[in-house]
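> what shape does this take:
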Amino acid sequence: MALRVGIDVGGTFTDFALYDDHSRRLATGKVLTSAADPSTAVLAGLRRMLEDEGRRIADLSHVVHATTIATNTVIQRRGRPVGLLVTGGFRDLLLIGRQKRWELYDNNMTKPPPLIPRRHSWEVSERLLVDGTVHRLLVEAEVRAAALEMRAAGIEAVAICFLHAFTNPAHERRAREIFASVAPEITVSLSSEVSPMYREYERASTTALNAYVGPAVNAYIQRLASELAAGGYAEKLYIMQSNGGIAAGDYVRRFPVRLIESGPAAGVLAATHLAAAAGTGDLISFDMGGTTAKVCLIEGGRPPIANQFEIDTIRLKKNSGMPMTIPAIELIEIGSGGGSIARVEMGAIQVGPESAGSDPGPICYAAGGTRPTVTDADLVLGYLDAEYFLGGGMRLDAAGARAGIERDIAAPLGLTVTEAAWGVHEMVTRQMAEAARAITVGSGRDPRGFVLIPFGGAGPVHGARLARMLGCPRVLFPRDAGVASAIGLLQADPVFDQVRTRITEITEAALESLNEIFFDLESAADAQLAAVNLPGTRQTARSCDMRFMGQGYEIQVQLPPGPYKAGDAERIRAAFFTAYATTYGDRAFDRADAVEGVHWKYTASLTAPDPSFLPLPPGDGSPAGARKGTRAVYFPETAGFIECPVHDRARLRAGDLVQGPAIIEERDSTLVLPPQAAARVDGQGHVILDLQSGTGAV
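Take a look at the predicted model:
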């Protein structure tokens, strides 16, 4: 690798991080996202940044991309017509779902409609038993008829989900062959490949999502890859998956559902790599962009991986969204970004989840937006500089922002414009604090034992205030915080997860069967690693979702490496007992009880050296050389606006101590340091605020 770039497409901005392995120089960029076609902004922004650096697309050796296209396709219901092919009697599988209510006592609660309407669902005669035995052969004539009817109905993709196909994929594979011969223009997703796990509804939901986002993702990746190739880029285009690993574009086109949490995963990776600078591996990753805020709890330097999560939930309520059984970094995402729209409801200020996005954007963008947002409020409060937004590349309309807040917030509530703007700022920060408490206190963790890592374009504006609400002892504001997710892409490794459901009691007699399962999983993962064609050290891990026999749900257990031999059954059982006690407490349970494994998992990755960024030159401890001037900034601690020093982050040096209140500006974000706080710059350019001592000690 010589010249590599990470590109992160968000709902409002598209971020770039360009790194030269030889000079160790990092260049960054940020442009407004082109909502109609994100690749337009990607290519325009990339060309502009390369021109500024005197380079060309042909000079790139490595392009890694994170995109929200899959997520937006689902949330905005912009997918092309998709069909569902199921075993006879299961046509209403997606419509019925699970008998789980997210509002237990709400008699008016209604389920959101499934992605695939009932009229686009077809049944065929076939039946497999739970062990994979064929009970009724596939009636191929019915598959052909369904394929022809789908083609006539304009269906562009189909999700095939037959009963118990996770144990025997023969019928699903034969159905795909029939579609290829009868309706080759229809893209086929098989549940036995997308989600080879039991629980029929979750498997069907995952496969339906894969089919639904497939046409949009495939067209986007193909278009972007073609444009890069036309510019002279000769290598593969790599895409961030939800599990925090990258994969080549051809793999992602087969499993586009794995991109649902693509962008947020990159941000968490960036935060994880800051553990050494933070002095601990226990971190709260806080990524606030223009559209949403993402919060993730990192313990021991490792982000949590969930094997099932939901998309398009209602007010973050569990069981209100569409489940997906794919590995993903576990985080909370809420509609609290810089572009989140503020309004008055029932005599109180409400913020989000609706966002002004990049088009038309906040009022202050002067691009047609008419509703006040968090960014407008931050501008009115003096936290943002109207002349230095995006490093001076975009001038903000402060008068328009003030007028919008006065009209929609201040006047209805009888407040001053400043009071209304502070109310918006305070409300959105409290919303993010509640999200952070949900993943800390809600899981039995005390946020006072974690370091907060705020990043994204708006994260450093709210980071210090959020940390005080949570009681976090330390805040680390990363260098180039506004494009941290793009930097996280440069630090990502290829990671592939393989899973298979086979309910097996853990006994000595079962070890040979387990070795066969893991041999197949390892072979598939190795083939995917080989297709990536990147250097790195191969790493592997085994795990299994296990339970006491008779239980309905499982816990994830890390397994010892194989192959397994005599005596290893007890080692596997012991690993389960340890995980069970950790999850549910060290309570009494009978270690003689039967234990069974359900989902067997194998993860393979390639670990390559991370980019080594140039250190910051040492300073004399004073930030005077970085001071740009002053401006009026509002703080509740000072009961109004005060003249606040403004510092250029690019001119700060290692060891500089910045006393609050202060503003530290960089091209892609702004750091707000409140009164009675001090922060010190470390050797890598990170700004570290110690809230316990107030000294900024590193």
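> right, and the helix or strand after the longest helix along the chain?
For the chain, the helix with the greatest residue count under DSSP state H is helix 200-230. Going down the chain from helix 200-230, the next helix or strand is strand 237-240, by DSSP states H and E.
> what average pLDDT does the helix or strand just after that next one get?
Counting by DSSP H and E, the next helix or strand C-terminal to strand 237-240 is strand 246-248. Across strand 246-248, the average pLDDT comes to 92.
> next: stretch 198-217.
94.
> same deal with stretch 499-519?
Computed over stretch 499-519, the mean pLDDT rounds to 95.
> repeat for stretch 7-18
92.
> what's the end-to-end length of it?
Here the two ends of stretch 7-18 are set 9 Å apart, with distance taken as C-alpha to C-alpha, to the nearest Å.
> tell me, what residue is most central in the protein?
A centroid search over the chain (C-alpha atoms, centre = their mean) returns residue 264, at 2.5 Å, as the residue closest to the centre.
> and that residue, what is it in contact with?
Taking C-beta atoms under 8 Å, 6 or more residues apart in numbering as the contact definition, residue 264 lies against 287, 294, 296, 329, 331, 333, 485. Glycine gets a C-beta too; all of them are placed from N, C-alpha and C.
> my guess is the last one is in a helix, correct?
Yes: looking at residue 485 with DSSP: H, G, I helix; E, B strand; the rest coil, it is inside a helix.
> so how far is residue 602 from it?
Noted for residue 485: a distance of 28 Å to residue 602, by C-beta to C-beta, to the nearest Å.
> one more: the fifth one?
Distance, residue 331 to residue 602, using C-beta to C-beta: 24 Å.
> the more surrounded of those two?
Counted by other C-beta atoms under 10 Å, residue 331 and residue 602 do not tie: residue 602 has more neighbours, with 26 against 23.
> touching, that one and residue 539? I think so.
No: counting by C-beta atoms under 8 Å, residue 602 stays clear of residue 539, with 11.7 Å between them.
> ok so, going back, okay, the contacts of residue 264 in JSON lines with distance to residue 660 next?
Shown next, in JSON lines, are the contacts of residue 264 (distance: C-beta to C-beta, whole Å):
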{"residue": "287", "distance to residue 660": "23"}
{"residue": "294", "distance to residue 660": "26"}
{"residue": "296", "distance to residue 660": "27"}
{"residue": "329", "distance to residue 660": "33"}
{"residue": "331", "distance to residue 660": "29"}
{"residue": "333", "distance to residue 660": "30"}
{"residue": "485", "distance to residue 660": "27"}
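> with those residues in mind, which one is nearest to residue 491?
Distance to residue 491 across the contacts of residue 264 (C-beta to C-beta) is lowest for residue 485, with 10.7 Å.
> just the buried positions in stretch 180-197, please.
For stretch 180-197, a neighbour-count test (16 or more other C-beta atoms under 10 Å) marks 182-183, 186-197 as buried.
> now, those that are in helices?
Among those, DSSP H puts 182, 191-194 in helices.
> okay, and the beta partners of residue 306?
In this entry, residue 306 is beta-bridged to residue 328, by DSSP bridges.
> how close does the nearest residue to residue 446 once chain neighbours are set aside get to residue 375?
Distances taken as C-beta to C-beta, 6 or more residues apart in numbering put residue 440 closest to residue 446, at 6.9 Å, once the chain neighbours are dropped. Separation of residue 440 from residue 375 (C-beta to C-beta) stands at 27 Å.
> more neighbours, those two?
residue 375 (30 against 20).
> contacts only, for the more buried one.
By C-beta under 8 Å, 6+ apart, the neighbours of residue 375 are 290, 338-339, 362, 364, 384, 401, 458.
> how long is stretch 77-89 from one end to the other?
End-to-end distance (C-alpha to C-alpha), stretch 77-89: 27 Å.
> and if you look at stretch 150-160?
Start-to-end span of stretch 150-160 (C-alpha to C-alpha) is 13 Å.
> ok, stretch 289-299 next?
23 Å.
> same check, this time on stretch 441-454
19 Å.
> which residues touch it?
Under C-beta under 8 Å, 6+ apart, the answer for stretch 441-454 is 271, 274, 278-280, 282-286, 288, 297, 299, 436-437, 439-440, 460, 462-463, 466-467, 470-478, 481.
> just the buried members of those residues?
When these are checked for burial by 16+ other C-beta under 10 Å, the buried set is 271, 274, 278, 280, 282-286, 288, 297, 436, 439-440, 460, 462-463, 466-467, 470, 472-478, 481.
> ok so, going back, my guess is the residue nearest to residue 446 contacts residue 298, does it?
No: in this structure, residue 440 is not within contact of residue 298 by C-beta under 8 Å, at 11.1 Å.
> shared neighbours of the two, which are they?
residue 284.
> which element, helix or strand, includes residue 378?
Here residue 378 is covered by helix 374-380, with elements defined by DSSP H and E.
> ok, and what's touching the following helix or strand past that helix?
Going down the chain from helix 374-380, the next helix or strand is helix 398-405, by DSSP H and E. By C-beta under 8 Å, 6+ apart, the residues outside helix 398-405 that reach it are 342, 362-364, 366, 370-372, 375-377, 379-380, 386, 417, 420-421, 424.
> in stretch 565-574, what counts as buried?
Residues of stretch 565-574 classed as buried by neighbour count (16+ other C-beta under 10 Å): 568-569, 572-573.
> pull the most distant pair out of these.
568 and 573 (9.6 Å).
> per the record, what domains does this structure have?
Residue ranges for the domains of the chain, per automatic domain parsing: 79-213, 495-607.
> which stretches of the stretch 501-650 of the chain have low pLDDT?
Counting by pLDDT under 70, not a single residue of the stretch 501-650 of the chain qualifies.
> one more: the chain?
Counting by pLDDT under 70, the chain shows low-confidence ranges at 1, 315-316, 692-698.
> so how far is residue 530 from residue 6?
Counting by C-beta to C-beta, the gap between residue 6 and residue 530 amounts to 24 Å.
> among the contacts of stretch 441-454, name the ones in helices.
Going by DSSP H, the helices hold 271, 278, 436-437, 439, 460, 462-463, 466-467, 470 from the contacts of stretch 441-454.
> got TSV for these, with distance to residue 57 too?
Output for the ones in helices among the contacts of stretch 441-454, formatted as TSV (distance: C-beta to C-beta, whole Å):
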residue	distance to residue 57
271	30
278	36
436	40
437	45
439	40
460	31
462	36
463	35
466	39
467	40
470	43
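> pick the one among those closest to residue 201.
Residue 201 lies nearest to residue 439 out of the ones in helices among the contacts of stretch 441-454, by C-beta to C-beta, at 25.8 Å.
> not counting sequence-adjacent ones, nearest residue to the closest one?
residue 297 (4.6 Å).
> isn't the one you found up against residue 437?
No: assessed by C-beta under 8 Å, residue 297 is found out of contact with residue 437, at 10.7 Å.
> I figured residue 490 hits residue 3, correct?
No: with contact defined as C-beta under 8 Å, residue 490 does not count as touching residue 3 (11.1 Å).
> for these two, indicate the residue with more neighbours.
Higher neighbour count among residue 490 and residue 3: residue 490, with 23 against 19, using other C-beta under 10 Å.
> against residue 269, how distant is the more buried one?
Separation of residue 490 from residue 269 (C-beta to C-beta): 9 Å.
> next: residue 344.
39 Å.
> and if you look at residue 532?
According to C-beta to C-beta, residue 532 stands 17 Å off from residue 269.
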